[in-house]
Structures are given as C-alpha cells and as structure tokens.
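Visitor: based on what follows, work out the 3D shape:
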Amino acid sequence: MTSTAKVSIDLGARADGGVAALDLEELLATRLLVQGNSGSGKSHLLRRLLEQSAPWVQQAVIDPEGDFVTLAERYGHVVVDARRGVADLTRIAARTRQHRVSVVLDLEGLDAEQQMHAAAAFLGGLFDAERDQWYPLLVVVDEAQLFAPAAAGEVSDEARKASLGAMTNLMCRGRKRGLAGVIATQRLAKLAKNVAAEASNFLMGRTFLDIDMARAADLIGMERRQAEMFRDLPSGNFVALGPALARRPLSVRIGPVETAARSVSPKLLPLPEPAAGEDAHDLIFTPGVDEARYEAPRRPPPAPPTADVLARLARSAPPAPPSVEPTPSLSPEQRQTAIDAALREILADSDANFRTITVLYQDFLVRCRIRRIGGEPLSLPAFRRRLAVAHAGIELAEAEAENSPWAEVLAMAGALPEDMQGVFLSLARAAFDRRPCPSDADVANAYGTSSPGRARRLLAYMEERQAIVCRLDARGWRIVAIPGVAWETGPGDPAAAGATTPEASSV
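Guide: Down below sits the predicted model:
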C-alpha cells in the first residue's frame, strides 16, 4: 500500500536553523489565523504563503488595499474589480470554483461598507458552489477585522451582518466545501471571537497592546506572563503553532518573496539641498510658470447706512411669488395603482432579487416622488410586505378581500423569515394557478442567489416549518402543496433550467 507524499510549504527559517515547513493538506483541513501590527511583516507572510502554494492549490484573495494584484503577472491570478456590483461578484465567484481559477478580489477604492457588501457577495458565491465543484480552495482574507468586526462600527447593521455571516461560513462551515480560510488581522481584539476561534493554526507577530497580547497568548496556550514576548518580535518574525506548523510554539522568520506590493512602507530620505540662489521663502510664495495665479478676494464695499436700506425697502414693491403648479391629489385607488406600478418597475429589473431591501426601498421612494404620490410613504416593513405580494403576482385588493383565502396564506408568510416570504408567496401563487412547480434554479433566482443547492435547502426549511408540503410524482417531478388552503402546483422538473422570461421567472 503506497502512501501519498504530503506537500510542505517553505515559510522560511526556524530559530534552530531548520526549515519552517507548513503542511498544506493539513492547513486545508484546519485553517490559519495570522496576527501582527502594521509593519510586523503580516502581508509579507501572506505573500510568501501564496507564492509557495500557488502551484499546488487554487487561491482566492480578499484584498482590501490592492496589495496582492501583483500576483497576477507572476502566477496567473485573475484580478476581479469589486466595483462590478454584488450580483456580478456572486456569479463570478461561482464560475471561479467551477473553472478552478485563482483570483484576487481587489477592493481598493471602495468605502468600508461597500467593501463589506462586495466581500460578502464574493464569499457567498464561493460557499454556495455546487457539491461537484467543492475542490480545495485557499481563501486568504487580509485585514479580516474589517469583514468580521467584534463590535458594530460606523457601517450599517445590514452590511456588518452580511459580511460577518460570510466570514463565519468560511471559517466554521467552509471545510466540508473545500474552503480553507486564512485570515490575517492587525488587532485580535477587533476580530469577532467566533471567527478567530475556528482556526487551529496560528502565526502571531509583533503586537503592543495588552489586550491583543493576552488574546494571542490564550490562543496558542501560553501563560499571560509570557505574552510580553510579542512586543520584542522583530519584523518578519512570528510564533507558529498548530497541526500544520508545529506541536509546540516555534519562532519562525519568514523567507523572501518574488513579487512585491504596489504600496511600500515609507522610508526616510534626505531633505533636498536648496540650489544656488534659491530662497525657501521664494519657493513657497512665488507661483510657478504653469501654476494659476492666486488672487486674494476683493473686499466688499462698505455697507450703506441702515436708514437708507429701510427707506429703499419701503419704496420697493414685494416681488410676485412664483407660480407653482399644484400637485394633483390622487384618489386612494389611483394612489394604490401608482404604488403598484412603481413596485412592478422595481421587480422588472433583472438584478432586483440580488439587491438589498434597503436599496430597493430607496429606489421605491424615488419612484414615488417622480410620480408625485402624496400622503404618508410606506414604511420599510410595509414596503417589504407589498414587494413580496407584488413579486408573487398577487393583487393587494384580491388578498385583502373579505373571506379571501389569501388572508390565511399571508398569515402563513408572516410566520417565516422576511427574506423567505416572497418565495413562499410566489409558490402559493403558482399553486393557486395550478402552474408547474418552479425548478430549483427559479427558486434560487427568486431568493436572490445563483445556487440551486441553496434553493433546495430553502424549500426543506419551509417544509420543516409546515408552510409547504413537497412530494414527487412517478417521473420524479416535484409538486408543492400549500396546507390549509389545499392548493397544489402542477408537476415540475426540479432540475430544469431557470426561466428566461419575466412572466416565467416570477416563481
């Protein structure tokens, strides 16, 4: 019986002069956490790890500063510009796993909230890949405290929850899907504990704050009084521990790299010597040849006496007010019709399912102003409910009519999480109309994802909550029934391709 030779990555040199080897296959199963203050060599370590493992495993780098895009020229990584949009990033991530291409997600130029949304979408696409595409993938996240913060910051709760959820999936559930998380942070205290705790391998670099030193010591099993050593570590030196690195804490010095970051640490340079005849005063205050001449603002003329101003105002006639065309008032029926039209326009956008509810709500308010829909605007919860009803193709008057069976269906929808209500109502509409049961791809699109597997899990969750009942006919086609009202869809092939028309895609 032959044994497969393990793949070892050369990180650099150990304190005793030996090679600091990292077992790549063990790393894929146990994950890695890197900590180091700015200037400790943390990014250099990540670059060494990426360069050494590039021939052996597919890689995806979440790069908030654009430092790792230089891997593209030397190692063939594809640089993904994060300004493409959330829906595009999710689809690109899915194709990344399908074709096993190493990528760098360049987040440079985005603000903190946009970076969190983009990283969440991309990590979600990697996580939701189909089972037959769960190849080993090394996912490196630099500045992980930005995407898995320990506490709420200045970004919205929605962005923080989305990003934190994606990072938690990567570190807690990613192993079974082939995802090996490598997260690096400047501050352990700012990184969510449930994300950091899932790593079994650690590389701890120089840090100065007591709280960070204490957490680093706890993670690698050192006594608190030994934590002071982290202050004395030179740049590029780390303490390694874990099944892929060493069974006991080991000092490691990271080796050289072949590529360089676009940004470099500032270096001291000698001040320029003034040329002969030049005066520092003249260099500052004399405009250059191509420089626009600065002109000081002219002083305003002296104000006239107050008595003259009052007399002039008394003689002048007040200007006629500008004529403003009155906004026509809408009847309740016309107002509801205008609101329904705005909702239909939003749903007609092919990316509507992939946009957050707050973005859709702002779009809705703008459309209402364009239509001059007066009165109190819909609140966010009311908008969410109306959008779910409109997505299912249900007329509000039909749903609110006396003795309407839709009242019971709407009550059942209200018992589900808000992000599932639109899909449930769409299934109920298909059952009411006796249309064929939507495919997994159609359900996924309605839920705002491209993963049929996630759609199947969604249907299973609804069935556990007794909101729907699924069964198969003799051909293996799915039928969905709505209990209570006894509506059933027609048989539909769950593996069919997604619908291509708006009418068919309104699941």
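
Visitor: for the longest strand seen in the chain, buried residues please.
Guide: In the chain, taking DSSP state E as the definition, the longest strand is strand 246-254. Neighbour-count burial for strand 246-254 flags 246, 249, 250, 251, 252, 253, 254 (criterion: 16 or more other C-beta atoms under 10 Å). C-beta: built from backbone N, CA, C; applies to glycine.

Visitor: need the contact list for the first one.
Guide: Going back to what we said before, that points to residue 246. residue 240 (C-beta atoms under 8 Å, 6 or more residues apart in numbering).

Visitor: how close does it get to residue 239?
Guide: According to C-beta to C-beta, to the nearest Å, residue 246 and residue 239 sit 9 Å apart.

Visitor: circling back: okay if I get the buried residues of strand 246-254 as CSV plus pLDDT and distance to residue 366?
Guide: Below are the buried residues of strand 246-254 laid out as CSV (pLDDT from 0 to 100; distance: C-beta to C-beta, whole Å):
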residue, pLDDT, distance to residue 366
246, 87, 58
249, 84, 57
250, 86, 58
251, 89, 59
252, 91, 55
253, 93, 57
254, 93, 51
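
Visitor: now the two most distant members of these.
Guide: Comparing all pairs in the buried residues of strand 246-254 by C-beta to C-beta, the longest separation belongs to 249 and 254, at 16.2 Å.

Visitor: correct me if wrong, but residue 33 is in a strand.
Guide: Yes. Under DSSP: H, G, I helix; E, B strand; the rest coil, residue 33 falls within a strand.

Visitor: gap between the spatially closest residue to it that is not a sequence neighbour and residue 136?
Guide: Closest residue in space to residue 33, ignoring its immediate chain neighbours: residue 199 at 3.7 Å, by C-beta to C-beta, 6 or more residues apart in numbering. Computed as C-beta to C-beta, the residue 199 to residue 136 distance reads 17 Å.

Visitor: compare those two (neighbour count), which wins?
Guide: Comparing residue 199 with residue 136 by other C-beta atoms under 10 Å, the one with more neighbours is residue 199, at 19 against 16.

Visitor: look up phi and psi at that one.
Guide: Phi and psi for residue 199, reported as degrees, to the nearest 10, are phi -80, psi 140.

Visitor: and stretch 443-456, how far from the chain's centre?
Guide: Centroid separation between stretch 443-456 and its chain, computed with C-alpha atoms, centre = their mean, to the nearest Å, is 18 Å.

Visitor: by mean pLDDT, which helix or strand of this protein comes out lowest?
Guide: helix 502-505 (a mean of 40; mean pLDDT, DSSP states H and E).

Visitor: that older thread, roughly how far does the residue nearest to residue 33 sit from residue 94?
Guide: Distance from residue 199 to residue 94, by C-beta to C-beta: 26 Å.

Visitor: what do you get for residue 388?
Guide: Applying C-beta to C-beta to residue 388 and residue 94 gives a distance of 26 Å.

Visitor: circling back: pretty sure the residue nearest to residue 33 is touching residue 34, no?
Guide: No. The pair residue 199 / residue 34 is not scored as a contact, 9.1 Å apart, by C-beta atoms under 8 Å.

Visitor: which neighbours do these two share?
Guide: residue 183.

Visitor: name the SS class of residue 374, please.
Guide: coil.

Visitor: I'd say it and residue 332 touch.
Guide: No. The pair residue 374 / residue 332 is not scored as a contact, 11.3 Å apart, by C-beta under 8 Å.

Visitor: looking at the two, which one has more neighbours?
Guide: residue 374 (14 against 8).

Visitor: still on that earlier bit, turn the buried residues of strand 246-254 into a markdown table, columns for distance to residue 192.
Guide: Putting the buried residues of strand 246-254 into a markdown table (distance: C-beta to C-beta, whole Å) gives the following:
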| residue | distance to residue 192 |
| --- | --- |
| 246 | 26 |
| 249 | 24 |
| 250 | 27 |
| 251 | 28 |
| 252 | 26 |
| 253 | 30 |
| 254 | 26 |
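
Visitor: what ranges do the helices span in the stretch 351-500 of the chain?
Guide: With DSSP state H, counting those that start in this stretch as the criterion, the stretch 351-500 of the chain has helices at 357-370, 380-391, 396-400, 406-414, 418-432, 440-447, 452-464.
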